[in-house]
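Participant: Okay, here's the prediction I keep looking at, along with the sequence it came from:
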Amino acid sequence: MIMKTEIKEILLENAKEYFKNALSSEKTKEYNTSVTLFFKAISSLCDLYILEKEEITPSNHSERFRILEEKYPDIYKIIDKDLPFYQDSYKARLDKETSNMLSDDAKKLFRLLNINI
């Protein structure tokens, strides 16, 4: 069984990796990739936040959204606003503004969790 501290470390490292690679994709104007990776960073950070507050990790998107909506509406508003852009990344060409918005949202969550990036 994976310990809570190990899960926290995995979520943190994943979030940082997604964020770093999203920034690289943004620099090369690969905005669909950057949006996807920023959203994955946001999701990992949300899971880390839930783990710290609730002592559980959501098993899927639905559980993550439900917990955030019920208990942490400010964070829920961020991820709920960003989800459609992540979903659009499969079937649309995304732009720099969208990428920047998700980047800013990821940065907000890093700050909220007191994580240096």
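Facilitator: That came through, no problem.
Participant: Let me see the ranges of the helices in the protein.
Facilitator: Counting by DSSP state H, the chain has helices at residues 4-27, 31-54, 61-71, 73-88, 96-112.
Participant: out of the ones you listed, deepest packed?
Facilitator: Per-stretch averages of neighbours, counted by mean count of other C-beta atoms under 10 Å, single out helix 31-54 among the helices of the chain, with a mean of 22. C-beta here means a position set from N, CA and C on the backbone, and glycine is covered the same way.
Participant: So which elements touch it?
Facilitator: For helix 31-54, the elements it packs on are helix 4-27, helix 61-71, helix 73-88, helix 96-112, judged by 3 or more C-beta pairs under 8 Å, 6 or more residues apart in numbering; DSSP states H and E.
Participant: Once you drop chain neighbours, what's closest to Leu45?
Facilitator: Among residues not flanking Leu45 along the chain, Leu109 sits closest, at 4.0 Å (C-beta to C-beta, 6 or more residues apart in numbering).
Participant: quick one, what contacts that neighbour?
Facilitator: Each residue near Leu109 by C-beta atoms under 8 Å, 6 or more residues apart in numbering is listed here: Ile42, Leu45, Cys46, Tyr49, Ile75, Ile78.
Participant: And Leu68, how far from Leu45?
Facilitator: 11 Å (C-beta to C-beta, to the nearest Å).
Participant: who touches stretch 30-40?
Facilitator: The contact list for stretch 30-40, computed with C-beta under 8 Å, 6+ apart, reads 14, 18-19, 21-23, 25-26, 82-83, 85-86, 89, 92-96, 98-99, 102-103, 105-106.
Participant: State the mean pLDDT of it.
Facilitator: With pLDDT averaged residue by residue, stretch 30-40 scores 98.
Participant: With stretch 95-111 instead?
Facilitator: Mean predicted confidence for stretch 95-111 is 98.
Participant: All good on my end, thank you.
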